[in-house]
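Novice: let's see this in three dimensions:
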Amino acid sequence: MPEIWKYTLDKMITPFRIATNHTFLHVGLQNKKICVWAQVDTTQSWVKRTFRLIGTGQYLPSAFFEEWTYLGTVVIDAKELVWHVYVEDVMT
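Specialist: Predicted coordinates:
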């Protein structure tokens, strides 16, 4: 059954579980926390994935882009921070 789920990213690296059949919908702020919304099919099996926050100007090894997919960017005005949200490509 399709549902919309919200994942709150409260660390630089956030492990999570998600249905194998899913679509990431949006990256944004809610209550000053970075969140990712996804459409998931709850009748499917579940896999472990990882979100990662990368700040603007942060060094990334070249292999990073082979293992992670960009989801979106969040600007936090009060602290003038810009975070880029990635998800690990490998599903376990």
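
Novice: pLDDT below threshold where in the chain?
Specialist: 78-79, 91-92 (pLDDT under 70).

Novice: hey, what's D41 bridged with?
Specialist: On the basis of DSSP bridges, D41 is bridged to P2.

Novice: tell me the contacts of it?
Specialist: Shown in contact with D41 (Cβ atoms under 8 Å, 6 or more residues apart in numbering): 1-2, 19, 21-22. Where C-beta positions appear, they are placed from N, C-alpha and C, glycine not excepted.

Novice: if you set the cut-off to 6 Å instead, what comes out?
Specialist: Residues in contact with D41 (Cβ atoms under 6 Å, 6 or more residues apart in numbering) are 2, 19, 21.

Novice: do the same with Q39
Specialist: 2, 4, 23, 25 are the contacts of Q39 under Cβ under 6 Å, 6+ apart.

Novice: which strand or helix spans it?
Specialist: strand 33-41 (DSSP states H and E).

Novice: just the buried positions in that strand, please.
Specialist: Neighbour counts over strand 33-41 (16 or more other Cβ atoms under 10 Å) mark 34-36, 38, 40 as buried.
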